[in-house]
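> The following comprises the amino acid sequence and a computationally predicted model.
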Amino acid sequence: QVQLTESGGGLVQAGGSLRLSCAASGRTFTNYYMAWFRQAPGAEREFVSSINGNGDSTYYTDSVKGRFTISRDNAKKTVYLQMNNLKPEDTAVYYCAARLSSRLAVTTNLYDNWGQGTQVTVSS
């Protein structure tokens with residue numbers, strides 16, 4: 001098990017940027033495949049981006065490609081989501097998730113460790 005704590009959310013105007021952070025506990029952080037999901041009001045939680053244990057493989061949902069960048073610092077046990085050119089439709093609670101695996105996964109049921117979420121609001 002790993003405990004996850006997100007930070008960095010806030011209110012930003014359309015076109016602006018935010019960087020989310022997800023700090024993890026535990027000793028085997030590099031063994032965890034990490035991801036960001038988001039959930040807008042009234043919607044299901046959806047996949048945003050993911051990264052493998054050593055950080056050399058990343059994956060993005062189409063709507064954020066070219067605008068969001070996921071990265072990780074294994075020494076700090078932290079995953080980041082740099083979000084640029086934000087749009088009102090990016091407004092959601094953003095969740096960090098982890099799974100003890102090296103394989104890509106884009107559905108919530110494959111992750112068994114979740115953070116509490118951080119709110120991102122983009123005004124038009």
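The structure has been received and is ready for your questions. If you're wondering where the values come from, they're calculated on a predicted model, not measured in any experiment.

> mind listing what the spatially closest residue to residue 115 that is not a sequence neighbour touches?
Excluding the flanking residues, the one nearest residue 115 by CB to CB, 6 or more residues apart in numbering is residue 4, at 3.7 Å. C-betas here are computed from N, CA, C, even on glycine. Residues counted as contacts of residue 4 (CB atoms under 8 Å, 6 or more residues apart in numbering) are 22, 23, 24, 25, 96, 97, 98, 113, 114, 115.

> export those to JSON lines and tack on distance to residue 72?
Listed next are the contacts of residue 4 as JSON lines, based on distance: CB to CB, whole Å:
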{"residue": "22", "distance to residue 72": "9"}
{"residue": "23", "distance to residue 72": "11"}
{"residue": "24", "distance to residue 72": "9"}
{"residue": "25", "distance to residue 72": "15"}
{"residue": "96", "distance to residue 72": "11"}
{"residue": "97", "distance to residue 72": "13"}
{"residue": "98", "distance to residue 72": "11"}
{"residue": "113", "distance to residue 72": "15"}
{"residue": "114", "distance to residue 72": "17"}
{"residue": "115", "distance to residue 72": "14"}
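
> Residue 32: which of these is nearest?
Checking these against residue 32 with CB to CB, the nearest one is residue 98 at 4.4 Å.

> Show me what the closest one bridges to in the sheet.
Beta bridges link residue 98 to residue 34, residue 113 when assigned by DSSP bridges.

> how near is it to residue 17?
Distance from residue 98 to residue 17, counting by CB to CB, to the nearest Å: 25 Å.

> cool, and residue 84?
From residue 84 across to residue 17, the span is 5 Å (CB to CB).

> got it, and residue 116?
Applying CB to CB to residue 116 and residue 17 gives a distance of 23 Å.

> Check residue 6 too.
17 Å.

> more crowded one of these two?
Remark: of residue 6 and residue 17, residue 6 carries more neighbours, 22 against 11, as counted by other CB atoms under 10 Å.
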